[in-house]
Every structure is written in C-alpha cells, then in structure tokens.
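In: Attaching a predicted model along with its sequence, questions to come.
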Amino acid sequence: MPKYYIQSGTVRTVVSAQDAQRAALWAVHKAMQQIVPTYDDAVDTAKEKAEQASSGEMFVLDATIRLSEQGFDRDDCDTLPTFEVVTEWNQLMVALDRLQNWL
C-alpha cells in the first residue's frame, strides 16, 4: 500500500492508503475527531480538548491538502481542496450513522 506525506495547516503526517483521496480522508478524519464526536468511545473529554486547543496541539487544516508519495514540502505534490474532502468525509459519516441505526 502506498505511503502518503500529507500537509495542510498544522497537519503534517504520513499515512498508508490505497490512493491519495483516501489518505486525505484519513487526515480530515483525524482532524475532525478532535471536535466532532465520531463514535461513542471518544477518548478526550471536552476539558481535554479545550486544553489541547489552548496549548496549540490541535490539528488545523488549511484551504488545501497537499499529498505526496515522495516526502514533505514537495512542489510536485497533489493538492485537494479541503472543503471537498471534508464534504466527502461528512457524507461518509452520515452513511455510517444510517447503517448503524439500520442494524
């Protein structure tokens, strides 16, 4: 499975994924997990999240997500609009919620 170097705002991570779109979705998921309860067993309490935000430990996304299989800070990287990836992430979360309610 390819490895993607992802950069956006304060996010700088490496993800193994089948393609760049899925790697970007994972990065958005990690950022959104900080503020949106995505499942019942969320680790951080509201107080812990507030402490992370005030100490600068929160992931903040930029307007674009930059992805490369070669490394960080590459001029030849792929870019995806963050809004489009967040929209797709939201659609996936809604679909998962509906499936969970259906079961």
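Out: Received, thanks. These numbers come from a predicted model, not from an experiment. Residues are numbered from 1 along each chain as shown.
In: Strands of the protein, start to end?
Out: Remark: strands assigned in the chain by DSSP state E are 3-8, 11-16, 64-68, 78-81.
In: strands paired with the second one, and their directions?
Out: Okay, so that is strand 11-16. Partners of strand 11-16 in the sheet, by DSSP bridges, are strand 3-8 (antiparallel).
In: still on that earlier bit, export the strands of the chain to CSV and append columns for mean neighbour count and mean pLDDT.
Out: For glycine as for every other residue, the C-beta is placed from the backbone atoms N, C-alpha and C. Formatted as CSV, the strands of the chain follow (neighbours: other C-beta atoms under 10 Å; pLDDT from 0 to 100):
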stretch, mean neighbour count, mean pLDDT
strand 3-8, 21, 97
strand 11-16, 15, 94
strand 64-68, 22, 97
strand 78-81, 16, 97
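In: out of these, nearest to N101?
Out: strand 11-16 (29.0 Å; C-beta to C-beta).
In: The residue most central in space within the chain: what's its closest spatial neighbour, skipping adjacent residues?
Out: With distances taken as C-alpha atoms, centre = their mean, V28 lies nearest the centre of the chain, 1.7 Å away. Nearest-residue entry for V28: W89, 4.6 Å, with adjacent residues in sequence omitted and distances by C-beta to C-beta, 6 or more residues apart in numbering.
In: number of nearby residues for the one you found?
Out: 20 (other C-beta atoms under 10 Å).
In: re earlier: output the strands of the chain as a markdown table; include the columns distance to Q34.
Out: Formatted as a markdown table, those follow (distance: least, C-beta to C-beta, whole Å):
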| stretch | distance to Q34 |
| --- | --- |
| strand 3-8 | 14 |
| strand 11-16 | 11 |
| strand 64-68 | 16 |
| strand 78-81 | 20 |
